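J.: with the input below, show me the fold.
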Amino acid sequence: MRRGRRYERREKLNIKKVIGVFIAIAVIIMFIISIRSLLNSDITNEKGKIEYFTIYDNNKWGVMNSNGEEVIHASYDEMIIIPDSTQNLFICTYDVDYNNGTYKTKVINEKEEILFDNYDTVEPIENYDQAGNLWYESNILRVKKDDKYGLINYQGVELLPCEYDSIESIKGVRNSLLLTKDGKQGLASGTGDLIINAEYQKVEAIGTNYSDGSIVQNTEGKWGVIDSNKRMILEVKYEEIAKITGNDSYLVKENGTWKMVNRRAEELFTFVYDSAKEMNANNIVVQKDGKYGVIDYSGNVIIQPEYEDISYISGENYIAKKDNKYGIINSKGETLLNFEYVNLYYREEADFLEAEKENLEISILDKNFEAKVTGIITEVNTDKGYIRVREGEEYQYYNFRLERKEAKDVLTENNLFLSKKDGKYGFVDKDGNVIVDYLYDDATEQNRFGYAGIKLNGQWGSINKDGTVVLEPSKNLETSFVIDFIGQWHLAEELNMNYYIK
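T.: Predicted structure coming up:
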């Protein structure tokens, strides 16, 4: 059973652990990539709504709720999968034969009532982003009966009958499920809507978005394009079709020649480059002889292919790489930001750039490419429009205009807020009244369930939303990347797992 990485957490990073990891450059890069991916998934909780989490105790697995109550006793040998933390639905694996690769599953609720027992197995459908972070397709389960697969939703309603040899996610693409039947492939949406009948030799995603459509291959080895509305966009007649699209255009190979065509299969121009990296509304990033440049949809050169890498940002601006450093150029090839960064990453959802220099300094640049903030980004919340940044030993909050904000202005559902005085941490209410005295060496902000971590003499504990100590500081969590408590349970230290232990 695979155990996936956590998605974005809002709790406090263990700064000693982070510093230790930053010593190794390779690990730094992997950490930044993971954090970026994690931050792209924003998880909020409706106030007062119960959620569920896997727990591990005495070498057994169980389930607790967001009040810290153990609802399924830790008695299972295999990790219990919770595909959606807001749903009272838990998938248990048992009778595992590791030699033969066989196992059984059952779905239970918090009363341990068995659900959907008319199927041989019931499983979530897992998927991964480019950084290897796991998620489960929402409100959908893969079921097996008489050695054939189908789909149901969380309410048990059949979405696809059990008539397929396999049903798998298309990795990195949400809402796209690859179907196999009698050796042929088709496609269904994440709601079980049949988009492409299982009649093709191959079905592949043309991009990373479901709306981009799919390329299909027939038994003669020819390729075509079908969009997400089930329409045949390009006839199945091409030798190859690149997995890239934009501006309703496609890169296809016909009679040994690559060319750009539109949705009406009209040729726009002959493609004389080695490959295309990405396409936006106006231009195409191309590669030739190992160098990148930009052309328009008439084939005119906008930026000569002379850079080690190019990625589109917005407007007429691009991230470019030259002499192994990153900077910003425009469509005229003018340098807008000097090539002095080892990493440069554009956050489209918040319209800012993360820029890292060789000394590990990470800055946040505004839309004018000016450095406004320096620190480690630990959260980008698009729902509430704020960024949380670790600056030195403290967390600070900013809006998307990179203006500093108070915690109470952005954490609007919290009733307690972290405060520091004379080198010690405590908690105040929104009016600044001290609720928890300044006693602790470190602490976390209140999480979405009302719990906060407190640290004293090297040991961690927790308080609840009233400021009452739930767990006296007694846990050494120096090896944990993220400090997070629900009652007396704390998040396990492995970065690639998502469960709580005592």
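
J.: quick one: the closest residue to Arg174 other than its chain neighbours from Gly150, how far?
T.: The shortest distance from Arg174 to any non-neighbouring residue, by CB to CB, 6 or more residues apart in numbering, is to Tyr210 (6.1 Å). C-beta: built from backbone N, CA, C; applies to glycine. Distance of Tyr210 to Gly150, given as CB to CB, to the nearest Å: 21 Å.

J.: which residues does Thr121 form a beta bridge with?
T.: Residues in a beta bridge with Thr121, per DSSP bridges, are Lys144.

J.: same thing with the one 5 residues further on?
T.: When bridges are assigned using DSSP bridges, the partners listed for Glu126 are Tyr136.

J.: count the neighbours of it for me.
T.: 18 (other CB atoms under 10 Å).

J.: does it touch Asn133 like I think?
T.: No - with contact defined as CB atoms under 8 Å, Glu126 does not count as touching Asn133 (10.9 Å).

J.: distance check, Asp120 against Lys49.
T.: Between Asp120 and Lys49 the distance, using CB to CB, works out to 33 Å.

J.: quick check: which ranges of the stretch 51-200 of the chain have low pLDDT?
T.: Applying pLDDT under 70 to the stretch 51-200 of the chain flags residues 131.

J.: what about the helices in it?
T.: Counting by DSSP state H, counting those that start in this stretch, the stretch 51-200 of the chain has no helices to list.

J.: returning to that earlier point: which of Asp120 and Lys49 has more residues huddled nearby?
T.: Per other CB under 10 Å, whichever of Asp120 and Lys49 has more neighbours is Asp120, with 14 against 11.

J.: thought Lys144 was touching the more buried one, still the case?
T.: Yes - counting by CB under 8 Å, Asp120 does reach Lys144; the two are 4.8 Å apart.

J.: got a list of what the residue nearest to Arg174 touches?
T.: 173-176, 189-190, 228 (CB atoms under 8 Å, 6 or more residues apart in numbering).

J.: who wins on neighbours among those residues?
T.: Neighbour counts for these peak at Ser176, which has 25 neighbours (criterion: other CB under 10 Å).

J.: from Tyr76, how far out is the nearest residue to that residue once chain neighbours are set aside?
T.: Among residues not flanking Ser176 along the chain, Ile170 sits closest, at 4.4 Å (CB to CB, 6+ apart). To Tyr76, Ile170 is 31 Å away according to CB to CB.

J.: likewise for Gln396?
T.: Gln396 is 42 Å from Tyr76, by CB to CB.

J.: what are the ranges of the helices in the chain?
T.: 15-22, 25-39, 407-410 (DSSP state H).

J.: now the last one: buried residues?
T.: Using 16 or more other CB atoms under 10 Å as the test for burial, helix 407-410 gives 407-408, 410.

J.: count of residues packed around Glu113?
T.: Neighbour number of Glu113 under other CB under 10 Å is 10.

J.: distance of it from Phe90?
T.: From Glu113 across to Phe90, the span is 11 Å (CB to CB).

J.: can you find the helix or strand of the protein with the lowest average pLDDT?
T.: helix 25-39 (a mean of 34; mean pLDDT, DSSP states H and E).

J.: contacting residues around Ser311?
T.: Contacts of Ser311 (CB under 8 Å, 6+ apart): 277-278, 285, 318-319, 346.

J.: nearest to Lys502, of those residues?
T.: Checking these against Lys502 with CB to CB, the nearest one is Tyr346 at 41.5 Å.

J.: isn't Met232 up against Ser214?
T.: No - using CB under 8 Å, Met232 is not in contact with Ser214, being 10.9 Å away.

J.: and for these two, which residues touch both?
T.: Listed as contacting both Met232 and Ser214 by CB under 8 Å, 6+ apart are 225-226.
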